[in-house]
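**Student:** Need a 3D model of the sequence below.
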Amino acid sequence: MVGRVKRKAGLAEAAARAARDATAPPSCPVCGRALGSKMEWHHLVPKSEGGRVTAAVHPICHRTVHALIPNADLARSYADPAALRAHPGIARFAAWIADKPPDFHAPTRRGR
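**Tutor:** The predicted model follows:
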């Protein structure tokens, strides 16, 4: 018989899978809420500034970050999620969205 050989998962792999499934759902680094069925990948340092590391975020959080903070500022001062949450506009947004469901959507306006 030629082709792939199927192997049964070992006990260690099964235990690791069970532990991974039992953990809490991942949370959004912008607002802290659990991620829903829809998510987008945010480059912590924008691709235009040479960034490669991404984080899963809610679509509304992603749009808000880019509406409030220019890419150059994201790369220079807000590449860390904790620093991003400390931004006054993002902190205000996070407080507003804290009690909304994970897949909540609303139109996003540009910052002033």
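**Student:** quick one, helices of this protein?
**Tutor:** 11-22, 59-68, 71-77, 81-86, 88-97 (DSSP state H).
**Student:** Tell me the buried residues in the third one?
**Tutor:** Read that as helix 71-77. 74-75 (16 or more other C-beta atoms under 10 Å). Every residue, glycine included, has its C-beta placed from N, CA and C.
**Student:** ok, how many other residues are close to V30?
**Tutor:** 23 (other C-beta atoms under 10 Å).
**Student:** Need the nearest residue in space to it, chain neighbours excluded.
**Tutor:** Nearest non-adjacent residue to V30, counting by C-beta to C-beta, 6 or more residues apart in numbering: C61, 3.9 Å away.
**Student:** Check whether that neighbour really touches S27, as I assumed.
**Tutor:** No. Applying C-beta atoms under 8 Å as the test, C61 and S27 come out as separate, 10.9 Å apart.
**Student:** These two: which has the busier surroundings?
**Tutor:** Neighbour count, other C-beta under 10 Å: between C61 and S27, C61 has more, with 25 against 15.
**Student:** Name the nearest residue to V57, ignoring sequence neighbours.
**Tutor:** Of all residues not flanking V57 in the chain, H42 sits nearest, at 4.6 Å (C-beta to C-beta, 6+ apart).
**Student:** Please pull out the lowest mean pLDDT helix or strand from the protein.
**Tutor:** Here the helix or strand of the chain ranked lowest by mean pLDDT, DSSP states H and E is helix 11-22, holding a mean of 60.
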